[in-house]
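Trainee: Quick check, what structure comes out for this input:
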Amino acid sequence: MMRHWTINGRFLAQPATGVQRYAREIILALDRLIVGQAPMTRDLAVELLVPPGTPDTLDLAAIRVRTVGSFGGHAWEQAVLPAYFRGGLLSLCNTGPLTVRRQILCIHDVNTRVCPESYSLPFRLLYRTLVPALGRTALKIATVSQYSAGELTRYGVCPAAKIEVVSNGHEHALGWKPCHSQQTLAVAGPRTIVVFGSSIPHKNVGLIVGMHERLASAGLQVVVVGAPPSRAFSNSGTRASPNVIWLGRRTDAELAALLRDSLCLAFPSLVEGFGLPPLEAMALGCPVVMSDRASLPEIGGDAVLYASPCDANAWFECFMRLLRQPGLRADLIARGRERTARYQWAASAQRYLDLMASVDEISETARIATAA
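Mentor: Coordinates of the predicted model:
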């Protein structure tokens, strides 16, 4: 008897962040598992429903993509998606329809509670209302780290018994073919610290760019990738500093080359549900210095250097250790590559297949027989 599952594709119409990357890679891995007839894929039909106008950016072989409805956004998710989904529903990006109980929902974090200053008031109000309601109605809640699982329980989103940890993976970064552009080649080097730029307060980028004078005295420069300089840095003097370079958005190939050929990635976040960029950097052979808060020690283990996101001196000391100890850099690269092996999209996709089978009430005995 055929089992049917639907994937909530609203995320494909959203700007790409780590949450959307997670959904994309899980779906691609699910598709590969279905094609390869992995355990729990026998007699399983999966369909991805998307709002109108969604770009077709996923190369899928087994999962059918279908456009439904005549509008998008939260209204599509709440009003249209429930009318078209079949069987069970998999929602991978924090939200889903409240009326669908037979749903596995991935809630990545509770950052609107932990760092409310990073979000607009309407966004905070929406998430503080919608997410706990979904935590009550969805049959299964997934999240990306043990830290996030604890936060979901602490803030009353759902009980611990309902939560499954299904982490991010690293394999996508291995597909990035390092290729410098003229801009990245000009700034890469053994004295370059790479930072992912964002003016969102909890990303704490100002800690690193605010050290520009001290870093310049040590012959170090900061290259900020991503968002351009904003008002958040307008009074810090960094926009005119010769050792802070704002590269803006770059391709994956450029980013891979820049990380590979620089001193390290600095990741000073105050809070993260997972923290995908450090994992990507480790996969690419780039040492990482990152915050000792939230999920980050759980993800980095002994493969990175840690510093308090409130202590600029600690960050400077980590950078100087990397600069003065070539053996330390080589050791961190080796440890980082070993660490990334723990986080694989294929394993996470298989975990979702197991959760889907659980919702379908396939017995443990049947699951073992299928796997055999």
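
Trainee: ok, now which ones touch residue 22?
Mentor: Under the criterion of CB atoms under 8 Å, 6 or more residues apart in numbering, the neighbours of residue 22 are 92, 93, 106, 108, 144, 168, 276. C-beta here means a position set from N, CA and C on the backbone, and glycine is covered the same way.

Trainee: Surely the last one touches residue 168?
Mentor: It stands for residue 276. Yes - applying CB atoms under 8 Å as the test, residue 276 and residue 168 come out as touching, 5.3 Å apart.

Trainee: Overlap of the contact sets of these two?
Mentor: Joint contacts of residue 276 and residue 168 (CB under 8 Å, 6+ apart) are 18, 21, 22.

Trainee: The last one sits in which helix or strand?
Mentor: Using DSSP states H and E, residue 22 sits in helix 18-35.

Trainee: residues of that helix that come out buried?
Mentor: Within helix 18-35, the residues scored as buried using 16 or more other CB atoms under 10 Å are 18-34.

Trainee: tell me, how many neighbours does the closest residue to residue 76 other than its chain neighbours end up with?
Mentor: What sits nearest to residue 76 in space, not counting adjacent residues and going by CB to CB, 6 or more residues apart in numbering, is residue 51, at 4.6 Å. Number of residues near residue 51 (other CB atoms under 10 Å) recorded here: 21.

Trainee: Residue 70 now?
Mentor: 9.

Trainee: And residue 170, by the same measure?
Mentor: So residue 170, with other CB under 10 Å, has 24 neighbours.

Trainee: Let me know the pLDDT of it.
Mentor: With respect to pLDDT, residue 170 scores 97.

Trainee: Listing request: residues of this structure with sub-threshold pLDDT.
Mentor: 227-240, 363-372 (pLDDT under 70).

Trainee: can you list the domain ranges for it.
Mentor: Domains of the chain are assigned by automatic domain parsing as 3-169+344-371, 173-340.

Trainee: end-to-end on the last one?
Mentor: Right, the one you point to is domain 173-340. 11 Å (CA to CA, to the nearest Å).

Trainee: Compute the number of surrounding residues for the nearest residue to residue 127 once chain neighbours are set aside.
Mentor: Nearest in space to residue 127, with sequence neighbours left out and distances taken as CB to CB, 6+ apart, is residue 112 at 4.5 Å. Per other CB under 10 Å, the neighbour tally for residue 112 reads 19.

Trainee: Could I have the CA atoms of the host helix or strand of residue 112 written out in CSV?
Mentor: Using DSSP H and E, residue 112 sits in helix 111-114. Taking C-alpha atoms only, helix 111-114 is exported to CSV below (Å, rounded to 0.1, in the frame of the first residue of the first chain):
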residue,chain,number,x,y,z
ASN,A,111,16.0,33.3,18.7
THR,A,112,13.0,35.6,18.7
ARG,A,113,12.8,34.9,22.4
VAL,A,114,16.5,34.8,23.2
